[in-house]
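J.: any chance you could fold what I've pasted below:
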Amino acid sequence: MLYEKYQNELKDILEALERCDFNELEEEYFDEKVVEIFKEKYSKYRFKVGTGATKGVLIFPDLGFVIKIPFQLCDGYELCGAEEGNEYWDYCSQESNRYNLAFENKVEQAFLQTKIIEYINNYPIYIQEIAEPLESIHDYSHSSSTEEDKNKVANIIDEHCFDYINTSWEADLYVYYGEEYYIKLKQFIEEYDITDLRSPNIGYIGKAPVIFDYAGFND
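T.: Numbers count the residues shown, from 1 in each chain. Below you'll find the predicted structure:
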């Protein structure tokens with residue numbers, strides 16, 4: 001849907017990315033190899049940049065999506081551990097495949113889909129809807145949950161021996177999607193060992209709690 005909606009905008013973005021250097025790409029050189037070159041070739045919409053151990057992200061707030069670019073190297077060493085990915089170094093591919101698993105298990109609602117849109121010089125480029133990370137939220141005026149909901153979530157977690165993610169966010173998840181879905185989602189997360197669900201990787205679209213970085217990282 002995002003690709004179809006923003007075909008013209010994506011055409012310009014992808015044309016600018018064609019000038020970038022993805023050879024042995026890693027976090028340390030993402031600015032030099034991608035961001036600086038992209039800035040020279042693209043000026044239509046403002047964008048921000050984010051990075052992690054396994055990917056770089058170009059964030060387009062005015063367009064409502066992000067472009068995810070996986071790294072091949074981490075600290076100079078080839079990435080590994082993306083068992084479900086098309087390439088063992090491509091954690092965006094693992095994320096995309098995990099979304100498909102979530103869809104098959106009918107728990108995809110809270111996951112933002114990560115989808116490949118093109119290969120540039122045989123290098124995979126992905127797109128995802130934008131969300132507000134939990135770490136950037138300083139007030140809870142958007143929250144739909146109460147202390148009672150938080151207590152219910154805590155009881156469910158204790159009863160099923162689930163791991164905690166974030167109490168307030170999980171309570172919103174419980175209220176927004178319902179108890180049955182909440183339990184199924186937690187079971188799915190544990191069954192497929194989806195880790196690293198920290199405040200930079202979860203958040204909201206409006207009042208909807210979402211998970212947007214769920215590839216994890218096996219070092």
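
J.: could you use CA atoms for every contact and neighbour count after this?
T.: Fine.

J.: care to break the chain down by domain?
T.: 2-130, 134-211 (automatic domain parsing).

J.: you'd agree I130 is up against F65?
T.: Yes. The criterion here is Cα atoms under 8 Å, and I130 meets it with F65 at 4.5 Å.

J.: would you mind measuring from the residue lying farthest from the centre of the chain to N155?
T.: The outermost residue of the chain relative to its centre, with distances by Cα atoms, centre = their mean, is E148 at 29.6 Å. Taking Cα to Cα, to the nearest Å as the measure, E148 falls 11 Å from N155.

J.: on that earlier part again, overlap in contacts, I130 and F65.
T.: I59 (Cα atoms under 8 Å, 6 or more residues apart in numbering).

J.: shaky segments in the chain?
T.: For the chain, the stretches with pLDDT under 70 are 81-87, 140-141, 219.

J.: run the last query once more with 50
T.: Within the chain, no range satisfies pLDDT under 50.

J.: please, where are all the helices along it?
T.: Along the chain, counting by DSSP state H, helices occupy 2-5, 7-17, 30, 36-41, 91-104, 147-160, 167-177, 179-191.

J.: tabulate the ones you listed (TSV), appending distance to N121.
T.: Converted to TSV, the helices of the chain look like this (distance: least, Cα to Cα, whole Å):
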stretch	distance to N121
helix 2-5	19
helix 7-17	10
helix 30	17
helix 36-41	15
helix 91-104	17
helix 147-160	46
helix 167-177	40
helix 179-191	34
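
J.: for V66, give the beta-bridge partners.
T.: Counting by DSSP bridges, V66 is bridged to I59, Q128.

J.: so what's the residue count around it?
T.: When neighbours are counted by other Cα atoms under 10 Å, V66 registers 22.

J.: ok, it touching I125?
T.: No. The criterion here is Cα under 8 Å, and V66 misses it with I125 at 10.7 Å.

J.: quick one on the thing from earlier: mind checking which of the helices of the chain is nearest I117?
T.: Each of the helices of the chain was scored for nearness to I117 using Cα to Cα, and the closest is helix 2-5 (7.3 Å).
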